[in-house]
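A.B. asks: Turn this into a model:
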Amino acid sequence: MGKKLYVGNLGYSVTSAQIEQLFSQHGTVESATVIEDRGSGRSKGFGFVEMSSEDEAKAAITALNGQTLDGRAITVNEAKPRPAAGGRRERRW
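C.D. replies: Next comes the predicted model:
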């Protein structure tokens, strides 16, 4: 278990400050970021929160997963490492 959490199903108007405030009720938040589209600057509906310890991260998952924020039930779980870049398979004839 890590300290970095994935927060999904966010309303498009939810800000990084709002998720930081929500998660701070369950421990020290080291960072909170809502991911935005590069072109439009609009939220993509998910973000990441890093807590200061694994215990705080577990407490936040238990307390907040499925809770309502801005009218939507949010998903909170451990962030998974990003898959390796490239994803394409080379064709060999």
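A.B. asks: got the contact list for residue 14?
C.D. replies: Residue 14 makes contact with 34, 43, 47, 69, 70, according to CB atoms under 8 Å, 6 or more residues apart in numbering. Backbone N, C-alpha and C define where each C-beta goes, glycine included.
A.B. asks: For the third one, which three-state class applies?
C.D. replies: Pointing back at residue 47 there. In terms of secondary structure, residue 47 is strand; the call rests on DSSP: H, G, I helix; E, B strand; the rest coil.
A.B. asks: ok, how many other residues are close to the closest residue to it other than its chain neighbours?
C.D. replies: Taking CB to CB, 6 or more residues apart in numbering, and ignoring the residues beside it in sequence, residue 47 has residue 34 as its nearest neighbour in space, at 4.0 Å. By other CB atoms under 10 Å, the residues close to residue 34 number 22.
A.B. asks: ok, now residue 16?
C.D. replies: Using other CB under 10 Å, residue 16 is surrounded by 17 other residues.
A.B. asks: Report pLDDT for it.
C.D. replies: Predicted confidence (pLDDT) at residue 16: the value is 96.
A.B. asks: same question, residue 90
C.D. replies: The per-residue pLDDT reported for residue 90 equals 60.
A.B. asks: Next: residue 3.
C.D. replies: Residue 3 is given a pLDDT of 94.
A.B. asks: Kindly list the main-chain dihedrals of residue 60?
C.D. replies: Dihedral angles phi and psi of residue 60 (degrees, to the nearest 10) take the values phi -70, psi -40.
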